[in-house]
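[1] Quick one, what's the 3D model for this:
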Amino acid sequence: MTIRRLEQARRLLALAQTGLHYTDGAFDKERYQEIAAIAHAQLGEIADMDAEQVAELFAHEAGYANPKLDVRCAVFNDAGDILLVREAAEGLWSLPGGWADVGASPAENAAREVREESGYTVAVERLLAVWDTAKHPHPPSVFHIWKLIFLGKIVNAGEVIGVETDGVGFFDLDTLPALSLGRILPQQIRRLDVLRRSGGVEFD
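    As a prediction, this is how the structure comes out:
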């Protein structure tokens, strides 16, 4: 029931945002703002946040509403261990990555994230997966998120230059550390290994 309510609240907010973008009528704007406020309250209740906090998260979201794009890179060493970085904000581990930035392609974004968060320079070889977080058992999020996961090959090692991570390591797939489940799930990491070895790609 929570997942259904979450999907409905996100859809309401998307409709309100898109409506506010296209309408010129004062009456319509007022109604769309009211719908947005209701959606903020619903999302806050589901995510255990204040409605004002949710409103702040979406304050810079304008125009036609689209899913957020999370771009990540799966990097394996010769032993088949996977590269993970520890998120400084929560002390949990994930694939290097984050929100896609304007001005770079998805693959360029993924390579940059690896460089900043782990210190490794990688060559992006191919796309492994495109996942809709709503179709996977991630914790509830106020955002509707699509994940693009690329396969990266290490070119050389360097120093971490970002501030969002405070740990780097390669891990055996059977002994993964505590993961940031909003970013990546253990079963997804194992699936990425299957895809990179089989030459496959998976999408929702």
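
[2] burial of Val75, as a residue count?
    Residues near Val75, counting by other Cβ atoms under 10 Å, number 24. For the C-beta atoms, the positions are set from N, CA and C on the backbone; glycine is no exception.

[3] Which pLDDT value goes with it?
    Confidence at Val75, expressed as pLDDT, is 98.

[4] list the contacts for the residue nearest the centre of the chain?
    The chain has Asp70 as the residue nearest its centroid, 3.5 Å off, counting by Cα atoms, centre = their mean. Contacts for Asp70 were tallied using Cβ atoms under 8 Å, 6 or more residues apart in numbering; they are Gly97, Gly98, Trp99, Ala100, Thr133, Ile145, Trp146, Lys147, Leu148, Arg183.

[5] all helices of this structure, in order?
    2-22, 26-47, 51-57, 106-118, 186-198 (DSSP state H).

[6] Okay, angle between the longest one and helix 2-22 too, please.
    What that stands for is helix 26-47. Angle, helix 26-47 to helix 2-22, by axes from the mean of the first three to the mean of the last three Cα atoms, to 10 degrees: 150 degrees.

[7] got the buried residues for helix 26-47?
    Neighbour-count burial for helix 26-47, counted by 16 or more other Cβ atoms under 10 Å, picks out Tyr32, Ile35, Ala36, Ala39, His40, Ala41, Gln42, Leu43, Gly44, Ile46, Ala47.

[8] Pull up the per-residue confidence for Ala51.
    Per-residue pLDDT puts Ala51 at 69.

[9] oh sorry, the question was meant for Thr18
    83.

[10] That one and Ile38: what is the separation?
    According to Cβ to Cβ, to the nearest Å, Thr18 and Ile38 sit 16 Å apart.

[11] circling back to that earlier point, distance to Gly158 for the helices of the chain - can I get that in CSV?
    Formatted as CSV, these follow (distance: least, Cβ to Cβ, whole Å):
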stretch, distance to Gly158
helix 2-22, 39
helix 26-47, 37
helix 51-57, 33
helix 106-118, 7
helix 186-198, 23
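
[12] Tell me how many other residues crowd Gln187.
    10.

[13] before we move on, what about the one 10 residues further on?
    Applying other Cβ under 10 Å, we find 10 other residues in the vicinity of Arg197.

[14] so how far is Gly80 from it?
    Counting by Cβ to Cβ - Arg197 and Gly80 are separated by 9 Å.

[15] of the contacts of Asp70, closest to Gly162?
    Distances from Gly162 to those, taken as Cβ to Cβ, are shortest for Gly98 (9.3 Å).

[16] Could you find the closest non-adjacent residue to Arg72?
    Leaving aside its chain neighbours, Arg72 sits nearest to Gly97 (3.0 Å; criterion: Cβ to Cβ, 6 or more residues apart in numbering).

[17] rewinding a little: of the contacts of Asp70, keep whichever come out buried.
    When the contacts of Asp70 are checked against 16+ other Cβ under 10 Å, the ones flagged as buried are Gly97, Gly98, Ala100, Thr133, Ile145, Trp146, Lys147, Leu148, Arg183.

[18] Among those residues, which are located in strands?
    Here DSSP state E is the test, and these give Gly97, Gly98, Ile145, Trp146, Lys147, Leu148 as lying in strands.

[19] confidence score at Met1?
    Turning to Met1, the model gives it a pLDDT of 50.
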